[in-house]
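K.L.:
sharing a model that was predicted from the sequence below.
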Amino acid sequence: MKKTNKIEKIRNIGIIAHIDAGKTTVTERVLYYTGSSHKMGEVHDGEATMDWMPDEQERGITITSAVTTCQWRGFEIGIIDTPGHVDFTIEVERSLRVLDGAVGVFCAVGGVEPQSETVWRQADKYVVPKIAFVNKLDRIGADYFGTIDMMRERLGANPLIIQIPMGSEDRFRGVIDLIQMKQLVWDDETLGETVISEAISPEWMETAQKHREKMMETLAEVDDDIMEAYLSEEIIDEPMLKGAIRSATIDLKIVPVLCGAALKNKGIQPLIDAIVEFLPSPADIPPMKGIDPETGEYRECPALDSKPLAAIIFKVSMIEGRKLSFVRVYSGKLTAGGEVYNPSRKITEKLSRILHMHANKRERVNAVGAGSIVGIVGLKDSSTGETLCTKENPILLENIEFYEPVISVAVEPKTHADQEKIDEVLKKFVAEDPTLKVKEDQDTGQTILSGMGELHLEIIISRMLREFKTSVSVGKPQVVYRETIEKAAEGMAVFDKEVAGQRHFGEVKLKISPLPRGNGNNFASKIRNEEIPEHFIPAIEAGVMESLESGVLMGYPVVDVEVVLIGGSFKESVGSELAYRVSASMACKTALSNGGSFLLDPIMGVELFVPEAFMGDVIGDLNARGGKIESIASKTGFQVIRAIVPLAQMFGYSTSLRSATQGRGTFSMQFSHFDRSDSKQ
């Protein structure tokens, strides 16, 4: 028998979905049935293993992605349970960056919800193979095939149905496996631990055969061997079928779809089987590529322990005040007590301990190889998104993209003791969460905290008190706007001063023009070399870009403008980079003042589920908030409204929606783009 390398037995997967689709409940069942935990923690009881933070337990939501490892039939499965709330999208983004596969969990009632789309697109961006699990088939309004149709329409996925449910809502009793052509039912007395596999009942046989035929047709379209066997009506055995599904899943041609009801302990063991059978090992995916910082050339990092070390820090946590770095090893080995090199900072750091994580519990190990996801203690300066390698073979892996915050609050310490702690505490939170920004308001001396949404900031404030005993007073949430200009304008400035006994001279003339929304900022030079020598142009560009960080209207960053250097002058021996940088910044401010600056609002994409009886009130309220309705669709007694609304108008909206719909309406919201809202035109 062919010897299997250990790396082929590793699966690094993420559980991704919209808030409340049942991700954490699914993960709890996986941990229970794989023997990693001896009790099923329930989210609604605040006892879920993976939701270990007090804020998660109180609110019944996942806030931070938790990492755990479990064993199943000789395979090691590394699982990251990610948040579903849009305020914590960065947790999903940085998890998907380091995962080899993902399980998309969908609610059979809600179908493909907005955050499901967001996380699915994030997985597509990182080319992550996926399987889907349609959960909550025991709920009223469950629609398995409707959810699969939504996957096709909204996600552009090619679902391969490998299981169908036996009944739905209160009649849901099990699933039919279309690969083995068996029906699976779960024994309630053993908490679903006993799976009874039996011949398909006569009442279900016709439906099962029809869907197996469809499964074979879908597979034949993406696999030539299956197509050949299918057309010549040969018998396609189970290993051949599973091999074809695995290859097509890894190549992102299909998404196998399974089903169940995690809360009722139904459907989990076949899902774990599907994870090991269809999702890739680190050896099945293309090697990670990085840049040699010395030569600038691309280099591959094959998933082999024998190759030079290449690992990335994808998350930093401050647990009990200590820094814990989560690392994915792409090639080579990490050894406890050994040294690693960080090429971004050009520093060497020592690993004091390597830990296998199980949510907030951990187990020390001496060394780990390629494909491992572990926690590391001992890294003092290295941060999220940075590479760890060896000094002899330096490499820079692609960094993780972070989102810009859209909402701010002012925080002030309540006591003198809090005043001393606040800076240190906030520094720890910023190290942990790259979407959190902290700055001091020069005019008021207040500390301004900026994040991805009201809930995001609320939880940071709560954690400051719980974990660090730091009390703060919080100002009203403020929207983080952007500034831009209405029309083209020019600005000129001269800097001619003596600094530290030396004269500095620079004269700059700029033209600033508006660009279409979303185009960012550009700089160009249209002057001759004799006007201003070429080596001063980078200093002028730096001065311009610095000036655009703070607009003339309210000090918000300026976006969507092009700045062109159209004139200036130079004086021999007194021209300096300092003078040109300062004069460029001054000229840019003058041009912005002349260009008719105005504010751009963060515009949010909002999706609402509203009972038909309350449609009129809800739409009227959205219109009053300056919202634009983009689409309305029907869904079993509910209407699904998609709209765009300025963030400034959405504070406290959940209370208004509950009042207008007798508590039955729900909504989700995520950042869409910056634009001028109607109220400011």
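P.N.:
Received, thanks.

K.L.:
what is the mean pLDDT for stretch 433-441?
P.N.:
For stretch 433-441, the mean pLDDT works out to 76.

K.L.:
and it, C-alpha only, in CSV?
P.N.:
The C-alpha trace of stretch 433-441 is given here as CSV (Å, rounded to 0.1, in the frame of the first residue of the first chain):
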residue,chain,number,x,y,z
ASP,A,433,-7.2,44.3,15.1
PRO,A,434,-5.8,46.1,12.1
THR,A,435,-9.2,47.6,11.2
LEU,A,436,-9.2,49.6,14.5
LYS,A,437,-7.5,53.0,14.3
VAL,A,438,-6.6,55.3,17.1
LYS,A,439,-5.6,59.0,16.8
GLU,A,440,-5.6,62.1,19.0
ASP,A,441,-7.8,65.1,18.0
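
K.L.:
and the contacts of it?
P.N.:
Identification of contacts with stretch 433-441 by C-beta atoms under 8 Å, 6 or more residues apart in numbering yields 90, 384-385, 400, 402-403, 405, 410, 426-427, 429-430, 446-452, 456, 460. In this view, the C-beta of every residue, glycine as well, is placed from N, C-alpha and C.

K.L.:
how far does that stretch sit from its chain's centre?
P.N.:
18 Å (C-alpha atoms, centre = their mean, to the nearest Å).

K.L.:
and stretch 519-536, by the same measure?
P.N.:
Centre-to-centre, stretch 519-536 and its host chain are 38 Å apart (C-alpha atoms, centre = their mean).

K.L.:
gap between the two ends of that stretch?
P.N.:
26 Å (C-alpha to C-alpha, to the nearest Å).

K.L.:
ok so, going back, tell me which of the contacts of stretch 433-441 fall in strands.
P.N.:
Among those, the members falling in strands (DSSP state E) are Ala410, Thr447, Ile448, Leu449, Ser450, Gly451.

K.L.:
can you check the pLDDT for the first one?
P.N.:
Spelled out, it's Ala410. At Ala410, pLDDT is 79.

K.L.:
now do the one 5 residues further on
P.N.:
Reading off the confidence values, Thr415 has pLDDT 78.

K.L.:
that one contacts Ser471, correct?
P.N.:
Yes: using C-beta atoms under 8 Å, Thr415 is in contact with Ser471, at 6.9 Å.

K.L.:
one step back: between the ones in strands among the contacts of stretch 433-441, which is nearest Lys9?
P.N.:
Gly451 (39.8 Å; C-beta to C-beta).

K.L.:
residues contacting the longest helix along the chain, please?
P.N.:
Taking DSSP state H as the criterion, the chain has its longest helix at helix 202-222. With C-beta under 8 Å, 6+ apart as the contact definition, helix 202-222 has outside contacts at 158, 160-162, 164, 166, 176, 178, 181, 183, 200, 226-227, 230-231, 236, 241, 244-245, 248, 251, 253-254.

K.L.:
quick one, what contacts Val494?
P.N.:
Contact partners of Val494, counting by C-beta under 8 Å, 6+ apart, are Phe505, Gly506, Glu507, Ser583.

K.L.:
please identify the helix or strand for the first one.
P.N.:
In the assignment (DSSP states H and E), Phe505 maps to strand 502-514.

K.L.:
give the buried residues for that strand.
P.N.:
His504, Phe505, Gly506, Glu507, Val508, Lys509, Leu510, Lys511, Ile512, Ser513, Pro514 (16 or more other C-beta atoms under 10 Å).

K.L.:
separation between the nearest residue to the second one once chain neighbours are set aside and Asp124?
P.N.:
Using C-beta to C-beta, 6 or more residues apart in numbering and skipping the chain neighbours, the partner closest in space to Phe505 is Val574 (4.3 Å). Between Val574 and Asp124 the distance, using C-beta to C-beta, to the nearest Å, works out to 56 Å.

K.L.:
output the below-cut-off pLDDT ranges for the stretch 251-400 of the chain.
P.N.:
When residues are selected by pLDDT under 70, those of the stretch 251-400 of the chain lie in 319-321, 358-361, 399-400.

K.L.:
tell me the strands in it, going along the chain?
P.N.:
With DSSP state E, counting those that start in this stretch, the ranges of strands along the stretch 251-400 of the chain come out as 255-259, 288-291, 298-301, 310-319, 322-331, 334-335, 339-342, 347-350, 353-358, 361-365, 367-368, 373-377, 387-389, 396-397.

K.L.:
now those in TSV, with distance to Gly543 and mean neighbour count?
P.N.:
Formatted as TSV, the strands of the stretch 251-400 of the chain follow (distance: least, C-beta to C-beta, whole Å; neighbours: other C-beta atoms under 10 Å):
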stretch	distance to Gly543	mean neighbour count
strand 255-259	50	25
strand 288-291	29	19
strand 298-301	34	16
strand 310-319	34	23
strand 322-331	37	22
strand 334-335	44	18
strand 339-342	31	19
strand 347-350	31	14
strand 353-358	46	20
strand 361-365	49	13
strand 367-368	47	18
strand 373-377	41	22
strand 387-389	32	26
strand 396-397	29	22
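
K.L.:
which of those strands sits closest to Arg528?
P.N.:
Arg528 sits nearest to strand 288-291 of all the strands of the stretch 251-400 of the chain, at 36.1 Å, using C-beta to C-beta.

K.L.:
quick one: strands adjacent to the closest one?
P.N.:
strand 298-301 (antiparallel), strand 396-397 (antiparallel) (DSSP bridges).

K.L.:
what's next to the first one, contact-wise?
P.N.:
Residues from elsewhere that reach strand 298-301 (C-beta under 8 Å, 6+ apart): 287-292, 307-308, 310, 330-332, 395, 397.

K.L.:
can the residues you listed go into a markdown table with extra columns for distance to His356?
P.N.:
Formatted as a markdown table, these follow (distance: C-beta to C-beta, whole Å):
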| residue | distance to His356 |
| --- | --- |
| Pro287 | 24 |
| Met288 | 22 |
| Lys289 | 27 |
| Gly290 | 25 |
| Ile291 | 30 |
| Asp292 | 31 |
| Lys307 | 22 |
| Pro308 | 23 |
| Ala310 | 20 |
| Tyr330 | 18 |
| Ser331 | 19 |
| Gly332 | 18 |
| Ile395 | 25 |
| Leu397 | 22 |
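
K.L.:
low pLDDT regions in the stretch 1-150 of the chain?
P.N.:
Using pLDDT under 70, the flagged stretches of the stretch 1-150 of the chain are 1-5, 19-20, 37-66, 81-94, 114-115.

K.L.:
rerun at 90
P.N.:
1-8, 13-71, 73-74, 76, 78-99, 107, 109-127, 140-142 (pLDDT under 90).

K.L.:
where exactly do the strands run in it?
P.N.:
10-16, 66-72, 75-81, 101-107, 130-135.

K.L.:
any idea which of those strands gets closest to Leu608?
P.N.:
strand 101-107 (16.1 Å).

K.L.:
how far off strand 130-135 does that closest one point, in degrees?
P.N.:
With axes from the mean of the first three to the mean of the last three C-alpha atoms, to 10 degrees defining the directions, strand 101-107 sits at 30 degrees from strand 130-135.

K.L.:
return the distance of strand 101-107 from the chain's centre.
P.N.:
So, by C-alpha atoms, centre = their mean, the centroid of strand 101-107 is 14 Å from its chain's centroid.

K.L.:
and the longest strand for this protein?
P.N.:
The chain, longest strand under DSSP E: strand 597-611.

K.L.:
show me what it packs onto, helices and strands only.
P.N.:
Under the contact criterion of 3 or more C-beta pairs under 8 Å, 6 or more residues apart in numbering; DSSP states H and E, strand 597-611 touches strand 482-485, helix 615-624, strand 638-646, strand 666-675.

K.L.:
10 Å - rerun?
P.N.:
helix 114-125, strand 478-479, strand 482-485, helix 615-624, strand 628-635, strand 638-646, helix 653-660, strand 666-675 (3 or more C-beta pairs under 10 Å, 6 or more residues apart in numbering; DSSP states H and E).
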